[in-house]
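Undergrad: Any chance you could fold what I've pasted below:
(chains A and B)
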Number of protein chains: 2
Amino acid sequence: MKNVIVGQSGGPTSVINSSLLGVFKTAKDRGADIVYGMVHGIKGLLDRDVVDLSQRIKTDLDMDLLKRTPSSFLGSCRYKLPDIVGNEKTYEQIFATLKELEIYAFFYIGGNDSMDTIKKLSDYGAQVNSPIRFVGVPKTIDNDLAITDHTPGYGSAAKYIAATTKEIIRDGLVYDYPVVSVIEVMGRNAGWLTAATALAKGEDCEGVDQIYLPEVVFDVDKFLKQMGDLLKQNRSVVVAVSEGVKVADGRYVCELSDHVDYVDAFGHKQLAGTARFLAGKVAEKYGVKTRAIELSSLQRCAAHITSRIDVTEAYNSGGAAVKAAFEGQTGQCITLKRVSDDPYMCITEPADVHFIANVEKKVPLEWITDDGTNVKPELVHYIHPLIQSEISPLWVDGLPRHIRLHVKSTIKK
Amino acid sequence: MKNVIVGQSGGPTSVINSSLLGVFKTAKDRGADIVYGMVHGIKGLLDRDVVDLSQRIKTDLDMDLLKRTPSSFLGSCRYKLPDIVGNEKTYEQIFATLKELEIYAFFYIGGNDSMDTIKKLSDYGAQVNSPIRFVGVPKTIDNDLAITDHTPGYGSAAKYIAATTKEIIRDGLVYDYPVVSVIEVMGRNAGWLTAATALAKGEDCEGVDQIYLPEVVFDVDKFLKQMGDLLKQNRSVVVAVSEGVKVADGRYVCELSDHVDYVDAFGHKQLAGTARFLAGKVAEKYGVKTRAIELSSLQRCAAHITSRIDVTEAYNSGGAAVKAAFEGQTGQCITLKRVSDDPYMCITEPADVHFIANVEKKVPLEWITDDGTNVKPELVHYIHPLIQSEISPLWVDGLPRHIRLHVKSTIKK
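TA: Numbers count the residues shown, from 1 in each chain, chains lettered A, B, ... in the order given. Alright, predicted model coming up:
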């Protein structure tokens, strides 16, 4: 038996299921007998919660729906394996289950935290001379993975953000009085997603006025002065701000509010959003109408607007992981390598997962303007090809159709 | 000369420019010489800020782009004309400008507040025996206009809300721990938009768990108990709540927070959102992860996902207004009349604007479940045809293309 197993981990993207399909289809094409799916990632494997994917993905239509379905089809987790030393029992258990399932190769679709799982499992596998191959498939809207040119999931999120930003900019011009719109974009530590708002600018759109990334220290007073200057020249001011911007003393901007929305049962303070805080400051100071717009979780699940480039690369990354494993590689993560800019072309290439796990890639400072309030053309040039072309939803009865979710365990006792 | 003039008023919709196009094209086809546009509605006319639309809409491509462009192309206003008695000067000024421009018919695209403008102008016109015809074109995402079956703009907003709700529901299932998502939907007094979340339910989606409309008194304690009950049965709970829900003493739910986000320069208190407040209460009480998702202004400007039925009806309403005026009618607003349910069919019909101006149509209580936490199938059946079919964006360089905005006044001195 030549069985393989695949799991999805961390926050979902609009194309994480395209990578799942890439693994499934390529493994089948290359002669895999059973393609197992872990339900809720490695946690599902530990709980013996595993499904036979062939029983879920049966027809061409299933595959086309899966590609268009947001959120991880198999469910996800944010679980990190413990260190090998001192926790051998956990690893023995995992490898016993993999042996029981006659697993030949193990695939994990995730970001830098999830790649820690591939690293530890392949390290342990090497220690115990296991023949099982462990290969990671890159995934994150945050685009913060090392080595790879970019990550599958980022292009679609960037496309959603840019398209939505265009609509917000146009909407801001509707009245004849001044209004300041603050768009809050995801990305706690890396500004890649926020930078995507720069793509809104074009022949038909003046673009956002300023962009504040978490790579640059945020100064509230300077920000307010900038808003005042912009309000002198524009009826509508639209700025994009990362949820992760911090002031000089290291506090997040949203922590500056003297107000805590609520304290949950675990004692975690829930803070007002960054955009709300800043919009409030602008309203207080200038007495203008302000709008705080949080793009929220739609950034990772708005599958009705995806980039075809992204969908294709996500699928190919899954396929490349299978190819690498079937050719004997382990402890690798697939990366995308940009081999040409014009025309844009990326190839897949496996890279040692040790250089990717737990590493965070930020926006290079040389791609940010010196005053820290915008991005340079180089950054726009970098993102631009990643949002190209569309994949139309399968519209059924007026709405995008998704694949049905009916994940039921195969081996759980 | 047989000139006409058209304006857009109130909050925009994704299809308000389709109505503008319907007025423009039909007037031209019926022999109008110049089609003027008021910049920022009736305020623009008072300020002599008027454009010649033929100079803005020149080609077939311009028309196709205009249909796909969010936000009012001519700009909008929230300006209400004063009562005629005691303010004759204002009306004299308006009618003098209309005479100067040789206006034969006047069209105003707007909601119930904007129809007040048509009412007052046609009333004054009758008093002074003016030959000018005044006809309104219905528009509002809120769907709260009297007489008409529904309003252009509602179907596209409903489609966006339903599609987005499906994605949020799917996203909520990604992890294996409980999460409560509260989706806040626009509509201060009428629950039509919030009700559209019910459309998410289908073969591929379990739908939202509860729907709270402003037509029903909201009880925070009962809500919390309901969330507790739902959490016993479901890993992910998703509820939709109108921004306008009120408790028994008449206060908005968002006013119950002891926190004021900020006070602006005019002394207006900016309150935390309804969803934030409720999500906070749930987190406090049950210690679960919660998400507050405000669909925000995207509900009125997400032109990348519109209903073809809605676009067509918006266009037709504009055209019907021109037809009515050119056939001698005045003081009318176009309405949509559902003449068949299966197949769905609506015709346009002029109605006396006096019965529409300033009147607000709410969701009938018989379409809401007795416990006030959901909508009945009759309401879903009513909305269902309005979100059907799509109009694809014109994708240019990876993003939906809009018409360029370059509105410059023709007559302003």
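
Undergrad: Low-confidence ranges, the stretch 201-350 of chain A, go.
TA: Counting by pLDDT under 70, the stretch 201-350 of chain A shows low-confidence ranges at A:258-272.

Undergrad: cool, the stretch 51-200 of chain A as well?
TA: Within the stretch 51-200 of chain A, no stretch has pLDDT under 70.

Undergrad: Quick one: the helices in the stretch 1-150 of chain A, in order.
TA: Using DSSP state H, counting those that start in this stretch, the helices of the stretch 1-150 of chain A run over A:16-29, A:41-46, A:60-67, A:88-100, A:115-127.

Undergrad: number of nearby residues for the closest residue to A:V217 other than its chain neighbours?
TA: Spatial nearest neighbour of A:V217, excluding adjacent residues (CB to CB, 6 or more residues apart in numbering or on different chains): A:A248 at 5.3 Å. (Glycine included, C-beta is placed from N, CA and C.) Per other CB atoms under 10 Å in any protein chain shown, the neighbour tally for A:A248 reads 8.

Undergrad: Double-check that A:A248 belongs to a helix.
TA: No - counting by DSSP: H, G, I helix; E, B strand; the rest coil, A:A248 is located in no helix; its state is coil.

Undergrad: wait, doesn't it sit right on A:V220?
TA: No - between A:A248 and A:V220 there is no contact under CB atoms under 8 Å: 10.1 Å.

Undergrad: Now do A:N358: how many residues are near it, please.
TA: The number of residues packed near A:N358 is 12, by other CB under 10 Å.

Undergrad: Just confirm it contacts A:G111, I think it does.
TA: No - between A:N358 and A:G111 there is no contact under CB under 8 Å: 10.0 Å.

Undergrad: Kindly state the beta-bridge partners for the nearest residue to A:V51 once chain neighbours are set aside.
TA: Closest residue to A:V51 apart from its sequence neighbours, by CB to CB, 6+ apart: A:G37 at 4.8 Å. Here A:G37 sits in beta bridges with A:V6, A:V51, as judged by DSSP bridges.

Undergrad: and A:G37, what is it in contact with?
TA: By CB atoms under 8 Å, 6 or more residues apart in numbering or on different chains, the contact set of A:G37 is A:5-7, A:20, A:50-53, A:56, A:73-74, A:407.

Undergrad: Specify which member of the residues you listed is nearest to A:R133.
TA: Using CB to CB, A:I5 comes nearest to A:R133 of those, at 11.1 Å.

Undergrad: so what's the closest one scoring on pLDDT?
TA: Per-residue pLDDT puts A:I5 at 98.

Undergrad: Tell me how many other residues crowd it.
TA: When neighbours are counted by other CB under 10 Å, A:I5 comes out with 26.

Undergrad: That one contacts A:K99, doesn't it?
TA: No - if you go by CB under 8 Å, A:I5 and A:K99 don't touch, sitting 11.7 Å apart.

Undergrad: got a pLDDT number for the nearest residue to A:E378 once chain neighbours are set aside?
TA: With sequence-adjacent residues excluded and distances taken as CB to CB, 6+ apart, A:E378 is closest to A:W367, at 5.3 Å. Here, the pLDDT recorded for A:W367 equals 98.

Undergrad: so A:W367 makes contact with A:V380?
TA: No - shown here, A:W367 and A:V380 do not form a contact pair, counting by CB under 8 Å, at 9.2 Å.

Undergrad: one step back: out of the helices of the stretch 1-150 of chain A, which comes closest to chain B?
TA: Checking the helices of the stretch 1-150 of chain A against chain B by CB to the nearest CB gives helix A:41-46 as the closest, at 6.9 Å.
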